[in-house]
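In: sequence? don't have it. structure:
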């Protein structure tokens, strides 16, 4: 074997390792940061994609290398989906659980701080749902995907789509 070349299975392993490192990094960033992408974040994602492509394929743009890397990632995604269906506790440990931010009109400020959500951001989401005061809210939940779900006390208040922070 030539120096600097890898068997195709090595590219699959490298791809899985890179995916795991990225997952851990995004998990450390938290829910809010993932849901609040802006143009700078998009540029970072594009640069990150190029960097990890080089790490996964060793800078080689060969079709067999790309197929080995993408197949490994798809197989891993399929396996995780099956695992999550069979073991929901594993999914909640790995992906996180929703966090209640308002309960029966009371803003839970310690949870806002924990999730890095400001009161002004929370109030913006309330206004988008046609509400002006936290006392009008039965429950507000910070979802795993970074969005905030609002359940008003008055069911006649029309719900708009979930707002991502």
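Out: Noted; the coordinates are in hand. Fair warning: this is a prediction, and the values are worked out from it, not measured in the lab. Numbering: from 1, shown residues only.
In: Provide a complete list of residue ranges assigned to strands in the chain.
Out: Assigned by DSSP state E, the strands in the chain fall at 99-103, 106-107, 137-142, 147-152, 163-164.
In: taking the ones you listed together, which one is wrapped up most tightly?
Out: strand 137-142 (a mean of 21; mean count of other Cβ atoms under 10 Å). In short, each C-beta sits where N, CA and C put it, glycine included.
In: and that strand with strand 147-152, angle?
Out: Calculated by axes from the mean of the first three to the mean of the last three Cα atoms, to 10 degrees, strand 137-142 forms an angle of 170 degrees with strand 147-152.
In: just to revisit the earlier point, output the strands of the chain as JSON lines; include the columns distance to residue 70 and mean pLDDT.
Out: Converted to JSON lines, the strands of the chain look like this (distance: least, Cβ to Cβ, whole Å; pLDDT from 0 to 100):
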{"stretch": "strand 99-103", "distance to residue 70": "34", "mean pLDDT": "95"}
{"stretch": "strand 106-107", "distance to residue 70": "45", "mean pLDDT": "96"}
{"stretch": "strand 137-142", "distance to residue 70": "33", "mean pLDDT": "95"}
{"stretch": "strand 147-152", "distance to residue 70": "29", "mean pLDDT": "92"}
{"stretch": "strand 163-164", "distance to residue 70": "28", "mean pLDDT": "51"}
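In: Between the ones you listed, which one is closest to residue 65.
Out: For the strands of the chain, proximity to residue 65 was assessed by Cβ to Cβ; strand 163-164 is nearest, at 35.1 Å.
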